[in-house]
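Undergrad: Pasting the sequence and the predicted coordinates here, then a few questions.
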Amino acid sequence: NGEHTEKSPRFASMDEIYMALEVKSITLHTPIIARYHAFEGVQTVKTTAGRMILGELLPKKPNMPFDLVNQEMPVGKIKALLATTYERCGDKDMILLADSLKDVGFEQAARSGISIGFDDIKIPEEKQDIIANANKQTEEIEAQYQNGLISRKEKYNKIVDMWHGVTNRLADLAFSNLRKSEGDNWNSIAMMQASGARGSKAQIQQLAAMRGMMMKPDGSIIEVPIISNFKEGLSMSEYFNSTHGARKGLSDTALKTATAGYLTRRMVVLAQNTFITEHDCGTDESITAKSVFDGSVLAISLGDVVLGRTAAQDVINPVDGEIIVKKGDLITKADAKKINDSGLASIEIRSVLTCKSNGLCAKCYGMDLSRGALVHVGEAVGVIAGQSIGEPGTQLTLRTFHVGGIASGDGGDNFVEAPMNGIIKVSGADLVTNSAGKNIIVSRNAKVAVTDKKGNQLFTAKLPYASWLILKDGTKVEKGTKIAEWDSYSNLIIAEKDGKVALSDMIENVSFTENVDPITGITSRKILNWKKQTKKALQPKILLLDAKGEIISLGGKKQAEYMLPMYSIMNVSEGQEVKAGDVLARIPKETKKAADITGGLPRINELLEVRQPKNPAILAEIDGEIEIEDTGKNKIIVRIVPTDGAGTPVEYMIPKGEPILVRSGDIVKKADMLVSGDPVAQDILRILGQKALATFMVNQIQQVYRLQGVIINNKHIEILIREMTRRVEISEPGDTQFLMGQVVDRVDFEEENERVARDNGRQAVASQILVGLTRASLTSRSFISNAAFQQTTKILVDAAINGATEKLQGINENLIVGRLIPVGTGAYVQRVREIAKEEERQEKLASEKAGGEQQMLSI
């Protein structure tokens with residue numbers, strides 16, 4: 001810390017620096033000017049004594065400049081230094097460097113005398129004012145609730161979000177206070193945290209700012225936060241409130257280790273038969289890789305996504321037309337940097353999902369992440385994939401109790417901002433201007449993209465119904481500018497034209513209840529669960545009428561009628577005049593539950609076991625126009641009529657009161673949501689295919705891990721998805737031995753079809769299906785491997801009855817019978833055996849042929 005000046009001490013050699021340190025004329029952190037002996041020769045550098053000591057450890061090889069250590073070196077930078085050394089000098093130098101870094105680390109840590117004292121914790125001076133302001137805001141929200149302006153759920157969500165904001169602001173202040181060092185002396189806590197040795201922002205927040213929001217045992221957040229921090233000490237009630245989280249953390253740890261261990265075992269058993277069997281399968285298929293955004297923030301750049309993968313097509317720089325990577329080449333670190341600088345939005349890459357090998361080929365897999373070069377034939381990539389996804393699971397479970405049940409939730413983004421400079425392109429947006437002059441979106445398929453000057457899309461986001469479009473189409477934006485925002489606490493229903501309100505199926509205390517606030521006299525109407533009150537098939541609606549008293553038409557089959565789902569709150573009353581863009585009703589969103597990996601491990605389990613979500617979304621099977629028909633019973637028919645007139649309409653029966661997202665006359669695309677909820681993986685596979693399913697699964701799994709700051713390479717998840725989609729369901733048996741509806745392995749299906757084709761028979765037709773982790777592990781092609789996993793007796797009995805044969809192709813079964821496993825050098829041995837067998841067979845055929853000819857001659 002501090003600046004270099006002309007008067008900074010100068011040193012000619014390391015001996016002088018050690019001497020000066022010994023007599024304490026300088027410290028490790030004093031800015032100095034010194035001579036550094038690099039491979040290329042002697043150079044004069046502005047640095048510190050500590051950095052010179054590190055510089056001495058660097059291998060004296062070309063391309064290892066002093067700049068590598070002439071910077072702050074937290075954990076991430078040390079890892080990067082070792083990676084650079086490995087790339088430029090090889091493993092031996094890297095090992096020696098790591099070893100000497102360890103020695104210096106221990107020596108300096110012992111000398112540093114670093115300690116932790118009560119006064120090292122600095123509470124931000126602004127804390128009192130910030131808390132007072134927050135309490136005032138809480139009172140205002142409470143008053144809104146008392147006056148009937150917002151519902152109980154909305155009040156809860158607003159208060160929780162407001163306190164999250166306050167906690168984060170205080171945490172940032174506490175954090176920057178600690179980082180402000182006094183002269184050469186760093187604050188001990190700041191040093192431990194900044195170096196990456198121990199401590200996180202969340203822990204500093206609890207020591208110096210405020211403990212923040214706490215969770216109840218059921219995962220919901222307690223409305224009243226803990227305002228004290230550990231330095232001030234907690235009050236009695238705060239202490240009891242925080243006990244929930246602390247105890248939950250400890251018991252979770254014990255239980256979740258087992259869950260994560262079992263998850264790893266299932267993944268390894270599923271993927272164990274996936275190894276690299278050849279160099280290149282020669283496929284032309286590929287998947288599209290794009291940058292990853294968390295909301296409007298760039299989470300992973302495109303270069304990092306494709307690093308270590310094989311390019312499926314030439315990667316061309318859109319600016320100057322230069323080929324960055326040739327088709328079939330591995331994308332290196334240098335290429336990844338060029339890709340990021342070029343502003344490319346997407347790249348076609350080879351993937352294990354599209355590999356045609358029996359096993360996998362090296363090109364489709366790409367880089368062996370442990371060596372930084374193309375993977376070798378015989379590498380057991382399946383086992384590596386299973387362990388790579390499972391291992392952080394154990395870390396994550398242990399991660400919860402460090403923070404002791406603190407609810408770390410962000411209020412959910414309620415806006416889109418531009419993550420980079422560019423031009424805005426809005427598509428599919430029907431707009432109305434409300435009385436405040438704001439442009440409100442009233443279509444379901446609105447999207448916004450940020451493009452460069454050539455029209456390449458750099459970022460896209462969906463704009464939800466009822467969002468306010470702040471910027472117009474074609475506007476130039478700078479990074480961080482808000483494009484649109486919406487209500488994060490409720491889904492709104494918006495009037496699309498001016499008109500007079502008429503209500504349908506509104507029966508007091510049956511389909512709705514009216515609350516009049518005694519103080520303000522404000523009335524709020526809430527839709528009830530009418531199915532409990534009456535057997536009549538009701539469907540509360542708001543209609544907009546014109547001057548003649550007829551329902552206003554919105555063009556085509558669309559009419560101004562709006563269905564109200566259960567628990568929605570009406571903002572209008574019978575006969576009221578409304579303007580286009582006004583809010584007719586609100587549907588409050590669910591209460592906030594803390595998104596924690598405790599919710600995350602079960603989430604990973606749920607995804608990989610492909611369980612039905614609690615509230616599944618209904619997706620459109622085809623492109624078309626919506627027709628809605630009220631049956632008069634407790635169901636509504638939503639029909640999609642194909643727009644091109646070809647094909648048959650698809651019908652869905654939806655219970656009344658469900659939040660239906662579409663209306664008659666809406667145009668929907670394949671896989672658009674008709675009823676809100678969580679998308680079902682099987683539906684995505686059936687409607688959009690394997691690649692779309694892979695994108696969905698990879699994003700969902702990565703989201704859980706990213707929340708905890710764990711980085712997993714996509715190819716590991718892709719291997720699991722490949723194994724989970726390996727089975728097909730027979731829809732047309734043809735002349736094969738399969739039965740209608742039978743589920744078989746894809747390899748068996750292809751072999752049988754080839755056999756039938758040779759005899760000129762009709763081939764079978766099948767559709768790909770998605771099988772959960774456990775079921776896929778129990779139905780692999782090897783009965784020995786299946787029996788070793790679970791349900792041993794049942795599997796062995798089935799195998800005996802069916803006269804199953806064991807081909808001993810995987811790792812597990814070879815291990816069990818005591819043979820050499822077919823990976824690593826074992827794969828080479830197996831290949832030699834196969835070649836020898838083939839040669840023997842050819843010789844036998846040749847001798848039989850020669851013998852036959854001899855016989856003919858003798859005849």
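TA: Here it is on my side, so go on.
Undergrad: So which residue is dead centre in this structure?
TA: residue 703 (2.3 Å; Cα atoms, centre = their mean).
Undergrad: Show me what counts as buried in the helix or strand hosting it.
TA: Assigned by DSSP states H and E, residue 703 belongs to helix 690-707. Within helix 690-707, the residues that count as buried by 16 or more other Cβ atoms under 10 Å are 690-691, 693-698, 700-702, 704-707. C-betas here are computed from N, CA, C, even on glycine.
Undergrad: In PDB, list the C-alpha atoms belonging to it.
TA: What follows is helix 690-707, C-alpha atoms only, in PDB (Å, rounded to 0.1, in the frame of the first residue of the first chain):
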ATOM      1  CA  GLN A 690     -32.900 -33.300 -26.400                       C
ATOM      2  CA  LYS A 691     -30.800 -30.100 -27.000                       C
ATOM      3  CA  ALA A 692     -33.500 -27.900 -25.500                       C
ATOM      4  CA  LEU A 693     -33.800 -30.300 -22.500                       C
ATOM      5  CA  ALA A 694     -30.000 -30.200 -22.000                       C
ATOM      6  CA  THR A 695     -30.000 -26.400 -22.100                       C
ATOM      7  CA  PHE A 696     -32.800 -26.300 -19.500                       C
ATOM      8  CA  MET A 697     -31.200 -28.900 -17.200                       C
ATOM      9  CA  VAL A 698     -27.700 -27.400 -17.400                       C
ATOM     10  CA  ASN A 699     -29.100 -24.000 -16.600                       C
ATOM     11  CA  GLN A 700     -31.200 -25.200 -13.600                       C
ATOM     12  CA  ILE A 701     -28.300 -27.300 -12.100                       C
ATOM     13  CA  GLN A 702     -25.800 -24.600 -12.700                       C
ATOM     14  CA  GLN A 703     -28.100 -22.000 -11.000                       C
ATOM     15  CA  VAL A 704     -28.100 -24.000  -7.800                       C
ATOM     16  CA  TYR A 705     -24.300 -24.300  -7.700                       C
ATOM     17  CA  ARG A 706     -23.600 -20.800  -8.900                       C
ATOM     18  CA  LEU A 707     -25.600 -19.500  -5.900                       C
END
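Undergrad: which sections of the stretch 1-150 of the chain are below the confidence cut-off?
TA: Low-confidence segments of the stretch 1-150 of the chain (pLDDT under 70): 1-2.
Undergrad: Lowest-confidence member of the buried residues of helix 690-707, which is it?
TA: On pLDDT alone, residue 707 ranks lowest of the buried residues of helix 690-707, at 75.
Undergrad: Next one, pLDDT for the residue nearest to the centre of the chain please.
TA: For residue 703, pLDDT reads 82.
Undergrad: again, but for residue 347
TA: The predicted local confidence for residue 347 is 91.
Undergrad: That one against residue 339, yeah?
TA: Yes - in terms of Cβ atoms under 8 Å, residue 347 counts as a neighbour of residue 339; the distance is 6.9 Å.
Undergrad: which residues are in contact with both of these two?
TA: Counting by Cβ atoms under 8 Å, 6 or more residues apart in numbering, the contacts common to residue 347 and residue 339 are 302, 306, 315.
Undergrad: Counting only helices, which of those residues make the cut?
TA: 302, 306 (DSSP state H).
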